[in-house]
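Colleague: no FASTA, just this:
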């Protein structure tokens, strides 16, 4: 990545499971990566380190603007600082 180019934050959405066959939680993962494959690998590594047993990743895309609401605003900032930021939430049917 060129130092003159602004960093683009990638968001990956899906579901995670703390144990195999358990209840799922929604997940939004924020990170900066050179390409989609690297982003997915980094996201899966971070989820494993946080103790998630399984993940179903649905979509990947680039954030156009920083989110206004927490915890997503902090996760976005963390991604700009080099972290893989994970936001989990209860899914609603």
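Modeller: Looks like it came in fine. Everything numeric in this text was worked out from a predicted model, so none of it was measured. Numbering: from 1, shown residues only.
Colleague: under the pLDDT cut-off, which ranges of this protein? List them.
Modeller: Residue ranges of the chain with pLDDT under 70: 1-5, 93.
Colleague: can you give me the helices in the chain?
Modeller: With DSSP state H as the criterion, the chain has helices at 36-49, 72-80.
Colleague: among these, which is the most enclosed?
Modeller: helix 72-80 (a mean of 17; mean count of other Cβ atoms under 10 Å). Any C-beta I mention is one placed from the backbone N, CA and C, and that applies to glycine too.
Colleague: give me the residues contacting that one.
Modeller: 7, 9-10, 28, 30-32, 63, 66-67, 85-87 (Cβ atoms under 8 Å, 6 or more residues apart in numbering).
Colleague: what of stretch 83-93?
Modeller: Contacts to stretch 83-93, defined as Cβ under 8 Å, 6+ apart, come from residues 15-16, 24-31, 42-43, 45-47, 50, 71-72, 74-76, 78-79.
Colleague: list buried residues within the contacts of helix 72-80.
Modeller: Buried subset of the contacts of helix 72-80 (neighbour count, 16 or more other Cβ atoms under 10 Å): 9, 10, 28, 30, 31, 32, 67, 85, 86, 87.
Colleague: what's near enough to touch the spatially most central residue of the chain?
Modeller: Nearest to the geometric centre of the chain sits residue 29, at 0.9 Å (Cα atoms, centre = their mean). Contact analysis of residue 29 by Cβ under 8 Å, 6+ apart lists 11, 12, 13, 43, 46, 47, 84, 85, 86, 87.
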